[in-house]
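Enquirer: Below are the sequence and a predicted model for it; my questions follow.
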Amino acid sequence: MNQIVIMALIATLGTWAVTALGAATVVFFRRPNPKALNLMLGFASGVMIAASFWSLLQPAIERAEAVSKIPAYLVVTAGFLFGAVFMWASDKIVCYARGRADSTQGMPNERLNRIIMLVLSITLHNIPEGLAVGVAFGLLQNNAEPESLMGAITIALGIGLQNFPEGAAVSIPLRREGYSRRKSFLLGQASGMVEPVAGVIGALLVVYVVSILPYALSFAAGAMILVAVHELIPECQKNQQTQPYFATMGIVIGFAVMMLLDVMLG
């Protein structure tokens, strides 16, 4: 297997491991510390927003100018919008499935349907995240500079950080539904198993289909921006009345750390 693909696999196995770590909170705690989770979500969103430009969009523009006959701004805009629309469509499918499950309330399979929809929603959400990591590592095939490697690593780190509360978001409700701690953990970590698969697919596409690289990079950026703005930032601001700037400073620090690493190494 190509070395770049192996690196993408290892990175997404790491993001899966963080999901499992989040799911493991059900074993040790009744509920994780909301303040710590908000700070973590804010930091992850800052990292993802910064990485979307310096590690994904900027290289996408450079590659489009080098390999595409279509103007670079059109290539990157199209890929970015497609990534965002893909995430939006995924969310709509999950919402529709949840609506169907809610319509079964009072039926014998009500509890099972709620569990299936919960795991499905997080699992579907993890597909573009795994693709984003795979694409970032696929970029190393044609650009093995240290700053590119650091960019790929920080993208995996940002996605991994925001996977921690996702693992907890599955395992803790399962525990409340009466599942054992062991089963709650196993189902919670299983929601992240799709990321290594998606990561390998993303890396393979970029490595072996060079012309798709600008689209893939900007696609990953669009997916990451939508996740950060639509999900992570609103989620981390839930305690804004009691801690008005706590999570916000997490966003700023995450953005600054990612920007510092990229600009310093670039």
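Expert: Structure's in. What do you need? Remember, it's a predicted structure, so these values are computed and weren't measured experimentally.
Enquirer: Tell me which helix or strand comes right after the worst-scoring helix or strand of the chain on mean pLDDT.
Expert: The weakest-scoring helix or strand in the chain, judged by mean pLDDT, DSSP states H and E, is helix 110-138 (a mean of 70). Per DSSP states H and E, helix 110-138 leads on to helix 146-176 as the next helix or strand towards the C-terminus.
Enquirer: Following element in sequence after that next one, please.
Expert: Next element after helix 146-176 (DSSP H and E): helix 181-190.
Enquirer: Okay, angle between that next one and helix 146-176 too, please.
Expert: Helix 181-190 runs at 150 degrees relative to helix 146-176, counting by axes from the mean of the first three to the mean of the last three CA atoms, to 10 degrees.
Enquirer: So what touches helix 181-190?
Expert: For helix 181-190, the external contacting residues (CB atoms under 8 Å, 6 or more residues apart in numbering) are 16, 19-20, 22-24, 26-27, 115, 119, 123, 167-168, 170-172, 174-175, 179. Using the backbone N, CA and C atoms, a C-beta is placed for each residue, glycine as well.
Enquirer: List only buried entries from the residues you listed.
Expert: 16, 19-20, 22-24, 26, 115, 119, 123, 167-168, 170-172, 174-175, 179 (16 or more other CB atoms under 10 Å).
Enquirer: in the stretch 1-150 of the chain, which spans are helices?
Expert: 3-23, 25-28, 34-51, 58-67, 72-102, 110-138, 146-176 (DSSP state H, counting those that start in this stretch).
Enquirer: so where's the stretch 101-250 of the chain shaky on pLDDT?
Expert: Along the stretch 101-250 of the chain, the parts satisfying pLDDT under 70 run over 101-122, 124-125, 142-144, 147, 169, 173, 176-177, 239-242.
Enquirer: So for stretch 37-54, could I get the coordinates as PDB, restricted to C-alpha?
Expert: Extracted C-alpha coordinates of stretch 37-54, given in PDB (Å, rounded to 0.1, in the frame of the first residue of the first chain):
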ATOM      1  CA  LEU A  37     -16.100  20.100  26.500                       C
ATOM      2  CA  ASN A  38     -17.100  23.700  25.400                       C
ATOM      3  CA  LEU A  39     -13.400  24.700  25.500                       C
ATOM      4  CA  MET A  40     -12.400  21.700  23.500                       C
ATOM      5  CA  LEU A  41     -15.200  22.300  20.900                       C
ATOM      6  CA  GLY A  42     -14.200  25.900  20.600                       C
ATOM      7  CA  PHE A  43     -10.500  25.000  20.100                       C
ATOM      8  CA  ALA A  44     -11.400  22.400  17.500                       C
ATOM      9  CA  SER A  45     -13.500  24.800  15.500                       C
ATOM     10  CA  GLY A  46     -10.700  27.400  15.500                       C
ATOM     11  CA  VAL A  47      -8.200  24.800  14.300                       C
ATOM     12  CA  MET A  48     -10.600  23.600  11.600                       C
ATOM     13  CA  ILE A  49     -11.400  27.100  10.300                       C
ATOM     14  CA  ALA A  50      -7.700  28.100  10.100                       C
ATOM     15  CA  ALA A  51      -6.800  24.700   8.500                       C
ATOM     16  CA  SER A  52      -9.500  25.100   5.900                       C
ATOM     17  CA  PHE A  53      -7.600  28.000   4.400                       C
ATOM     18  CA  TRP A  54      -3.900  27.400   5.000                       C
END
